[in-house]
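Participant: After the sequence you'll find the predicted model.
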Amino acid sequence: MDTNRKKSLSGAIVSHAIKDSFVKLNPMAMMKNPVMFVVEVGTLVVLLMILIPGYFGTEGSIGFNVAVFVVLLFTVLFANFAEALAEGRGKAQADSLKQSKKEIVAHKMVSGVLKQVPSTELRKGDIVVVSQGEMIPGDGEVIEGLASVDESAITGESAPVIKEAGGDFNSVTGGTRVVSDKIKVKITSDPGESFIDRMIALVEGAKRQKTPNEIALNTLLTSLTLIFLIVVVTLAPIAKYLEIQLDIPVLISLLVCLIPTTIGGLLSAIGIAGMDRVTQFNVLAMSGKAVEAAGDINTMILDKTGTITFGNRMASEFTPVGSANIAALGEWAALSSIKDETPEGRSVIELMKKQGLSYKSALAEGGSFIEFKAETRMSGIDLVDGRKVRKGAVDSVKQWVMSQGGSIPADLDAKSDAIASQGGTPLAVAVDDQVYGLIYLKDTVKPGMKERFEQLRKMGIKTIMCTGDNPLTAATIAREAGVDEFIAESKPEDKIAVIRKEQALGKLVAMTGDGTNDAPALAQADVGLAMNSGTTAAKEAANMVDLDSDPSKIIEVVAIGKQLLMTRGALTTFSIANDVAKYFAIIPAMFTLAIPQMEALNIMRLGSPLSAILSALVFNAIIIPLLIPLAMRGVAYKPMSSTKLLQRNLFIYGLGGIVVPFVGIKLIDLIVHVWI
Ligand SMILES: Nc1ncnc2c1ncn2[C@@H]1O[C@H](COP(=O)(O)OP(=O)(O)OP(=O)(O)O)[C@@H](O)[C@H]1O
Ligand SMILES: [K+]
Ligand SMILES: [Mg+2]
């Protein structure tokens, strides 16, 4: 997006937010926020005293009352503005998503022939054909063919991605466009329940629910408000009994200064902005609760291949073992890979070409292909002549060979350990009862991983790398990347076991995944981040989806969650400390108003009692918009343990919260006192 458009967009968001600040004055909506609702009621009471002064006997103080009314009204408007502004970006994004949700003509298979129907008529289970240039009419899974798809409508990323039948890259999203080839798609969602529909509801905040943390804090703020309300209300008769004259607008001002309006006004903006930060990061969080859970994570489960390493494991060397030679090894390696469409399989064929080795592909004709499975850790082919060819994890192949009465060449272990101790993955190649040698699959740790794990450790988060690879490779990569623990030779179900074990210890666990076999673990984890490129099952089980399909993003998502919790904590501390300080400005002023001899209490040397009260009230109002940028951006975040963070924040925001109002009120009083 160019900067001009960005500017006009933010301009539009601001003007929208200003309008919304007034719409949100509706008391029915306001009641959801008890702190601000009390301020609104106070504003209305003061307004009545201005409109019918004769009834209240307030003719003498109309000027002061008008000032109080205006400041109170702005207090409420500022709080509304904070929330409206936080909602703005999501609403703008929802609008542009809605535009991409135009009615599409679908080519539906009806008893063997293609029929044109509007996309809105598609139901779960329908089969459609989508050709080059056409929009995919609904969410689904590719059941036939391969196509490149432009998903920029949802990901903002213009590079097309390959979608193909079978495997982990078969899910397609309605509203994206096929840019080449043709695919047959089985629709997986009914109208109104599609990914884009859910995404619109999410960014628009239509179904935004308060998170447990927010509810707890809200209860605290409401109780504080109630306590101060009781205090102020009982103050009136006591003052009367003591024959001290306290006007209602003064009491209302006192009340508003004492109740936690700053955090009350910013609370929902902080939550929305936190969600929004995740969205801008191209991660869709299904709920605010998920983002907050990310901030509380203790344990992170990470895949090795593709998360910690680049994951484009490439065959880079053939190492024959026993009496076998490189030509024979290459031949069998290639035959086992002819139909292996995994990157590993394809890279074996590439390596053959690079090394100028040839093989008789005719041998494979009519054979039955054995697909790679994480459970077996092998792939290969059963030839028509009865010979069975396999390649796979050394351990698995060894077992397979021995189960057929074969023996293991003496140099196999040493040679495979040599590959593994360099962080590579050794694949053994065997035919029936004979092992021919090893394929060296190379993979590299992504740059910067060590630093990121170091940060996680500082946050007190334990990292566990789970990999299907052998223990030696796993240990090497774990050491190189700096993860705390690793689990080697893990099967998909082992992940869920690790999660359960950690959860039983009272830990909150995050993990990433993309395959159908990751789905149960994604659902079990407290934070499950699914890849957009992954299967529908994974995306439905997870509570977050990364549109860029970068599993290492989980690290940043945790940081954003932490920042959200910290921002809320910091501003709550600041707000409550603030109110304490205002107490010292307003209480002496009130009593001096009634008993002029109490002027000695005026330690802040404020102009006059009325200007002191008004200044405190003005400060109380303008601190809200002043803190909006901080609420939206989040407080600066340095990775450290929760206890350290708490101490640091108490110090900065607690102390700051006490000092700032003294300075602020004094400055405002210098101006206000000119009029009063
Ligand atoms: N195409 C393939 N054919 C045969 N064996 C393979 C193939 N791909 C991987 N393997 C073997 O199976 C093992 C398990 O693979 P899997 O993809 O389940 O886990 P991984 O990629 O090693 O680990 P991670 O969980 O970090 O992704 C690999 O370590 C490798 O030894
Ligand atoms: K206040
Ligand atoms: Mg893998």
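Facilitator: Yep, that arrived. Ligands and ions are numbered 1, 2, ... in the order given.
Participant: where exactly do the strands run in the stretch 501-650 of the chain?
Facilitator: All strands of the stretch 501-650 of the chain, identified by DSSP state E, counting those that start in this stretch, fall at 509-513, 527-531, 544-546.
Participant: Would you pull up how far the biggest helix by length in the chain lies from the middle of the chain?
Facilitator: Counting residues, the longest helix found in the chain (DSSP state H) is helix 554-594. Offset of helix 554-594 from its chain centre (CA atoms, centre = their mean, to the nearest Å): 26 Å.
Participant: avg pLDDT for it?
Facilitator: Mean pLDDT, helix 554-594: 87.
Participant: That helix to strand 509-513, inter-axis angle?
Facilitator: 140 degrees (axes from the mean of the first three to the mean of the last three CA atoms, to 10 degrees).
Participant: Skipping adjacent residues, who's closest to the residue in the stretch 401-550 of the chain that ligand 1 sits nearest to in space?
Facilitator: In the stretch 401-550 of the chain, the residue found nearest to ligand 1 is G468; the distance is 2.7 Å by CB to the nearest ligand atom. From N, CA and C alone the C-beta is placed, and that goes for glycine too. Nearest residue to G468 in three dimensions, chain neighbours excluded: A374, at 5.6 Å (CB to CB, 6 or more residues apart in numbering).
Participant: and the nearest residue to V527 once chain neighbours are set aside, what does it touch?
Facilitator: Nearest residue to V527, sequence neighbours excluded (CB to CB, 6+ apart): A510, at 3.9 Å. Taking CB atoms under 8 Å, 6 or more residues apart in numbering, we find A510 in contact with 293-294, 297, 299-301, 525-529, 554, 557-558.
Participant: Equivalent analysis for D395, please.
Facilitator: 377, 470, 489.
Participant: measure it to ligand 2 for me?
Facilitator: Using CB to the ion, to the nearest Å, one gets 66 Å for the distance from D395 to ligand 2.
Participant: export the host helix or strand of that residue as CSV, just CAs?
Facilitator: If you go by DSSP states H and E, D395 is part of helix 394-402. Provided in CSV are the C-alpha atoms of helix 394-402 (Å, rounded to 0.1, in the frame of the first residue of the first chain):
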residue,chain,number,x,y,z
VAL,A,394,17.7,-45.6,9.0
ASP,A,395,16.1,-47.3,12.0
SER,A,396,12.9,-48.1,10.2
VAL,A,397,14.7,-49.5,7.1
LYS,A,398,17.0,-51.6,9.3
GLN,A,399,14.0,-53.1,11.0
TRP,A,400,12.3,-53.7,7.7
VAL,A,401,15.4,-55.4,6.3
MET,A,402,15.8,-57.6,9.4
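Participant: In terms of helices and strands, where is the residue most central in space within the chain?
Facilitator: Nearest to the geometric centre of the chain sits V278, at 4.3 Å (CA atoms, centre = their mean). Element membership for V278, per DSSP H and E: helix 261-280.
Participant: what ranges do the strands span in the stretch 351-500 of the chain?
Facilitator: 368-373, 378-382, 388-393, 425-431, 434-442, 462-466, 485-487.
Participant: actually the stretch 101-250 of the chain, sorry about that
Facilitator: 105-110, 113-118, 127-130, 140-150, 161-164, 171-172, 177-180, 183-187.
Participant: Can you name the residue of the stretch 1-150 of the chain nearest ligand 1?
Facilitator: L146 (18.3 Å).
Participant: which non-adjacent residue is nearest that residue?
Facilitator: Using CB to CB, 6+ apart, the nearest residue to L146 is E164, at 4.0 Å.
Participant: The one you found and ligand 2, how far apart?
Facilitator: Note on E164: its distance to ligand 2, by CB to the ion, is 59 Å.
Participant: Please convert the strands of the stretch 501-650 of the chain to CSV, extending it with mean pLDDT.
Facilitator: Formatted as CSV, these follow (pLDDT from 0 to 100):
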stretch, mean pLDDT
strand 509-513, 92
strand 527-531, 93
strand 544-546, 93
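Participant: Reformat these as JSON lines; add distance to ligand 2.
Facilitator: Output for the strands of the stretch 501-650 of the chain, formatted as JSON lines (distance: least, CB to the ion, whole Å):
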{"stretch": "strand 509-513", "distance to ligand 2": "37"}
{"stretch": "strand 527-531", "distance to ligand 2": "35"}
{"stretch": "strand 544-546", "distance to ligand 2": "35"}
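Participant: between these, which one is nearest to E83?
Facilitator: Checking these against E83 by CB to CB gives strand 544-546 as the closest, at 23.6 Å.
Participant: who does the closest one touch, helix- and strand-wise?
Facilitator: Using 3 or more CB pairs under 8 Å, 6 or more residues apart in numbering; DSSP states H and E, the elements in contact with strand 544-546 are strand 283-285, strand 527-531.
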